[in-house]
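> One predicted model, sequence on top.
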Amino acid sequence: MTTETKETIHLAQISDFSSTHIPLPSSKSESNRVLIIDALTEGKNHLSNLAEARDTQTMISLLEKNPPVFDVLDAGTTMRFLTAYAAITNQNKVLTGTPRMCERPIGILVDALRTVGAEIHYLGVEGYPPMAIHGLSEQKSDKVKIRGDVSSQYISAMLMIAPLLPNGLELELEGKVGSRSYIEMTLDSMSQFGINYEWKDNKISVTHQAYQPTTFAVESDWSGAGYWFSLLACADSGELFLSGLKENSLQGDSAVVEIMGQLGIKSTFKDGGVLLEKQPVKGLKHWDFTHCPDLAQTIAVTCAILGQNATFTGLESLKIKETDRIYALQQELAKFNADLKEIEPEVYQVIPSVTMPAEVKIHTYDDHRMAMAFMPLITKTRVSIEDPSVVDKSYPSFWKHCQLAGISIVSQS
């Protein structure tokens with residue numbers, strides 16, 4: 001068995017950031033939702049500012065070319081959304097992806113689609129891709145129960161096809177609901193295309209109705225913004241301006257403003273974006289990431305650097321992401337003498353670093369967020385990051401933007 005040698009990027013240490021404008025990428029979460037809605041309205045909308053992220057570009061390509069096999073690569077939202085899309089549009093499709101994608105569960109969504117009448121069967125391991133879809137010729141039920149604590153993407157996938165079901169759909173969310181803001185983003189996106197819905201207690205009801213063509217501009221990405229908040233929080237001095245962000249955003253990761261307010265960042269919305277300025281660290285004691293799990297890696301690294309013994313909850317979904325993010329964080333934090341320790345079931349504590357090595361080499365585990373979350377270490381030491389192109393999944397211009405901020409890419413090997 002041969003081990004592929006991947007490129008490594010080497011970054012110089014820097015801890016002062018003079019006023020820099022970062023042109024943030026568009027939100028892939030928002031982009032992927034409106035692309036599915038656009039496809040369900042036969043492309044009659046005017047969409048602008050779609051994300052450059054590989055996940056979104058994969059979605060665009062598959063919808064345009066409509067091949068017999070939807071190979072989503074490593075794109076989770078693309079897999080889940082296209083599964084529901086293929087079913088409601090009565091297509092015969094095989095859905096597959098990378099080996100890791102085929103290890104990420106999809107059984108909850110498939111069971112929900114089967115309940116309403118979709119014909120789907122697995123081509124390998126039960127409950128996981130690849131799978132074959134043979135349409136949805138007749139609606140068998142208009143009521144579906146679905147767990148709310150595993151992945152909001154399953155719920156969003158069902159909601160977006162709900163208006164096209166002849167009898168509509170009542171979705172009952174069972175148990176704790178995670179990533180609620182992403183469900184709200186889906187419903188708001190649907191409403192902007194003319195769909196009415198009702199969310200009462202744990203039930204979301206969508207009647208049979210038609211999407212209405214409209215004009216839609218995608219907002220910049222709050223998940224991507226988090227890395228810049230972290231960089232400035234860990235720096236000695238400076239300020240950054242992040243363009244394209246709205247103060248009243250539907251993206252759950254806009255919670256980074258409140259979190260980083262406790263970690264030394266003042267946020268001022270102005271001129272079509274947000275200005276970040278240094279201020280004294282108040283201290284972060286606890287944060288529940290149930291509704292913003294994609295911020296967890298960023299905040300864990302920030303706390304480890306800033307000496308914050310914060311406790312985290314709501315990390316359950318991290319184990320089924322691009323990698324087991326809990327394990328990956330623990331391995332890489334240890335490289336600068338920090339840790340993320342489970343102190344009781346599903347409660348984790350950051351153990352901050354007390355001594356910093358002269359250089360840290362970060363393994364990225366085929367996970368874009370590992371590469372970007374550990375970049376702020378450059379404020380304390382030299383950093384090498386393996387497989388830097390992994391950022392293409394969500395933020396292809398990330399390293400270019402690092403150079404805009406004055407970060408020197410010493411070498412690539």
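On my side now, so go ahead.
> Next, the contact list for residue 272, please.
By C-beta atoms under 8 Å, 6 or more residues apart in numbering, the contact list for residue 272 reads 243, 244. Using the backbone N, CA and C atoms, a C-beta is placed for each residue, glycine as well.
> Same question for residue 150.
Applying C-beta under 8 Å, 6+ apart to residue 150 gives the contacts 105, 108, 178, 317, 320.
> cutoff 6 Å now
Residue 150 is in contact with residue 108, counting by C-beta atoms under 6 Å, 6 or more residues apart in numbering.
> for the one 3 residues further on, same thing?
Neighbouring residues of residue 153 by C-beta under 6 Å, 6+ apart: 77, 80.
> That one is in what secondary structure piece?
Using DSSP states H and E, residue 153 falls within helix 152-161.
> Please compute how far the helix or strand where residue 400 lies lies from its chain's middle.
Assigned by DSSP H and E, residue 400 belongs to helix 398-404. The chain centre lies 20 Å from the centre of helix 398-404; the measure is C-alpha atoms, centre = their mean, to the nearest Å.
> any residues touching it, and which ones?
For helix 398-404, the surrounding residues in contact (C-beta under 6 Å, 6+ apart) are 22, 372, 391.
> so which of the residues you listed comes closest to residue 146?
Of all these, residue 372 has the smallest distance to residue 146: 31.1 Å, by C-beta to C-beta.
> Look up phi and psi at the residue lying closest to the closest one once chain neighbours are set aside.
Leaving aside its chain neighbours, residue 372 sits nearest to residue 227 (4.7 Å; criterion: C-beta to C-beta, 6 or more residues apart in numbering). In terms of degrees, to the nearest 10, the main-chain angles of residue 227 are phi -70, psi -30.
> what pLDDT does residue 227 get?
Residue 227 carries a pLDDT value of 98.
> just to revisit the earlier point, any chance of the contacts of helix 398-404 in TSV, plus distance to residue 351, secondary structure and neighbour count?
As requested, these are arranged in TSV below (distance: C-beta to C-beta, whole Å; DSSP: H, G, I helix; E, B strand; the rest coil; neighbours: other C-beta atoms under 10 Å):
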residue	distance to residue 351	secondary structure	neighbour count
22	31	strand	23
372	22	helix	29
391	27	helix	26
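> Please name the nearest non-neighbouring residue to residue 70.
Leaving aside its chain neighbours, residue 70 sits nearest to residue 95 (4.8 Å; criterion: C-beta to C-beta, 6+ apart).
> can you give me the helices in the stretch 301-413 of the chain?
Under the criterion DSSP state H, counting those that start in this stretch, the stretch 301-413 of the chain contains helices at 325-333, 368-373, 398-404.
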